[in-house]
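Novice: need the 3D shape of this:
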Amino acid sequence: MTRRSLSKRAAVVAGTAVLTLGTIGTVAATAGPQHRDPQPGKAQVAGLFDTWNKALQTGDPKKVADLYASDAVLLPTVSNKIRTDRAGIVDYFEHFLQNKPVGVKVETIVNVLDKNSAIDTGVYAFTLTDPTTGAKSTVKARYTYEYEKRNGKWLIVNHHSSKMPEG
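Specialist: Got it, this is the predicted structure:
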């Protein structure tokens, strides 16, 4: 091999190496933290309740049910029946929404499990309006929401709510 062909070959190898390193650098940069799905903060998870509470205000049980995964479990406050599918969840909210519930968190504890799952548990209070008399009452209850991020959307996969035993 002549010096000239060795120089050409060295230049090609060096150019390939630079191109390869440049490509690796670009791939590494696009896979960096700014492009990863970040783990949610506790405030973001706690705010999912606000979305749910606003859905209650619409009076539309289907809008509320849209916030639940298709395989969600609802253990509701004012029903003895466990709801395990969309139809059951819609049915529960058809009745519950007649009382025009407005919820407020009293105490909340959020545990972020990973970037796609979290638990929000605590105590909330609902102001309810009797549909016949218009009389208002308040019910305090314990709650647990288990959330999963599915297809980019946070959904309730498990919701347990029970009236406080001491009022």
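
Novice: how about Lys149, nearest residue that isn't a chain neighbour?
Specialist: Nearest non-adjacent residue to Lys149, counting by CB to CB, 6 or more residues apart in numbering: Asn116, 4.3 Å away. C-beta here means a position set from N, CA and C on the backbone, and glycine is covered the same way.

Novice: could you do Val112 as well?
Specialist: Among residues not flanking Val112 along the chain, Ala118 sits closest, at 4.7 Å (CB to CB, 6+ apart).

Novice: distance between stretch 127-140 and the chain's centre?
Specialist: Taking CA atoms, centre = their mean, to the nearest Å, the mean C-alpha location of stretch 127-140 is offset from the chain mean by 29 Å.

Novice: buried sites along it?
Specialist: For stretch 127-140, the neighbour count (16 or more other CB atoms under 10 Å) marks 128, 139 as buried.

Novice: so how far does it reach from one end to the other?
Specialist: Using CA to CA, to the nearest Å, the end-to-end distance of stretch 127-140 comes to 9 Å.

Novice: then stretch 69-89?
Specialist: One end of stretch 69-89 sits 10 Å from the other (CA to CA).
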